[in-house]
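[1] Need a 3D model of the sequence below.
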Amino acid sequence: NIIVEEASFQLRNNFNSTVNNNIVIKKGTPRFLKKLNGNVLSLLTGGGGNNNYFHWLFDVLPRIALVEKAFNLNDIDFFLCPNLNRWQLRTLNLLGIKKDKCLSSVIYRHIKAKNIIVTTHPWLMSKNVSYDIENLPNWISSWLKEKFLKLKSNKKLPKKIYIDRSDSESNLKDYRSIINEKEIVNFLIKKGFSSVRLSDLNFEDQIKLFHDADIVVGLHGAGLANLIWASTKTKIIELKSNFTNKVIENLALGNNINYNKILCRPLDKAIQEHYGTIKVDINKLSKIL
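    Got it, this is the predicted structure:
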């Protein structure tokens, strides 16, 4: 009946928290309680970690890196995950974690086990989320590349890429878009580019796509987390509102990637830092290309 604050992103950042008054502390959630026989590693992170590709790579998977320094992963009987969609399961499988060991928190909402292993957040070092996410520790990128880069596919994929975000499932999708996207896509296609929806590719193909690319153009979004797979010859061009944070920019610089950006003043629906409908200046894009 205690809260382990270090394991909770929300609790650490909620200054007005009154968790001691929460009835769950006193009564639990007996309707949801599932008893597990064995050792459980919690990969829960909250928020974007449930379905967001960027946060899965940088918030969830690095917890495995932290744990494997102290435990043999073969001794862990279950991995409690935020969710288990196709690409999440694939990344775990590539790490040698079998599907029958993976549990989704959508189903396993309250568990009891012999041992439950949790970690602190991999990069949230303070209560300033905006600062910390713009300064991701280099060890996360290094670990991800060590584990996955060697597993890239052998497919022949386009060298000049525009990232099509029409497949985004974010509930804020309409608040980050390009008004003149058709014009931009047509311009790039004439320059030899291919428009690619990352959800159409498996995880190993995404690694290959970015690693072998000459140029990648894309609106600020989770898909650009793939830039960590890119080689130093790859040119990344991020299209974004001038309110957008520098998480992609700093991630690229930390991985010695040739990074470029086109900043645009948001025209409408400008909410929070990295949202806002923008219009991209084709002349600026042409010069950077």
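[2] can we go C-alpha only for contacts and neighbour counts from here?
    Noted.
[3] Just the element for the residue nearest the centre of the chain, please.
    Nearest to the geometric centre of the chain sits residue 54, at 1.1 Å (C-alpha atoms, centre = their mean). Per DSSP states H and E, residue 54 falls inside helix 53-55.
[4] That helix - what's its average pLDDT?
    For helix 53-55, the mean per-residue pLDDT is 94.
[5] Just give me how far the helix or strand following that helix sits from the chain centre.
    Counting by DSSP H and E, the next helix or strand C-terminal to helix 53-55 is helix 61-67. Helix 61-67 sits 14 Å away from the centroid of its parent chain (C-alpha atoms, centre = their mean, to the nearest Å).
[6] I figured the residue nearest to the centre of the chain hits residue 227, correct?
    No: Residue 54 sits out of contact with residue 227 when judged by C-alpha atoms under 8 Å, with a separation of 10.8 Å.
[7] can you list residues touching both of those two?
    Common contacts of residue 54 and residue 227, defined by C-alpha atoms under 8 Å, 6 or more residues apart in numbering, are absent altogether.
[8] wait, what's in contact with the residue nearest to the centre of the chain?
    222, 223, 225.
[9] any chance of the residues you listed in JSON lines, plus neighbour count?
    What follows is those, written out as JSON lines (neighbours: other C-alpha atoms under 10 Å):
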{"residue": "222", "neighbour count": "16"}
{"residue": "223", "neighbour count": "20"}
{"residue": "225", "neighbour count": "19"}
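[10] Out of these, which sit inside helices?
    Among the contacts of residue 54, none falls in helices (DSSP state H).
[11] and which of those residues is nearest residue 165?
    Among these, residue 223 lies closest to residue 165 (C-alpha to C-alpha), at 8.4 Å.
[12] Helices of the stretch 151-289 of the chain, residue ranges please.
    For the stretch 151-289 of the chain, the helices defined by DSSP state H, counting those that start in this stretch occupy 181-190, 203-212, 247-254, 282-288.
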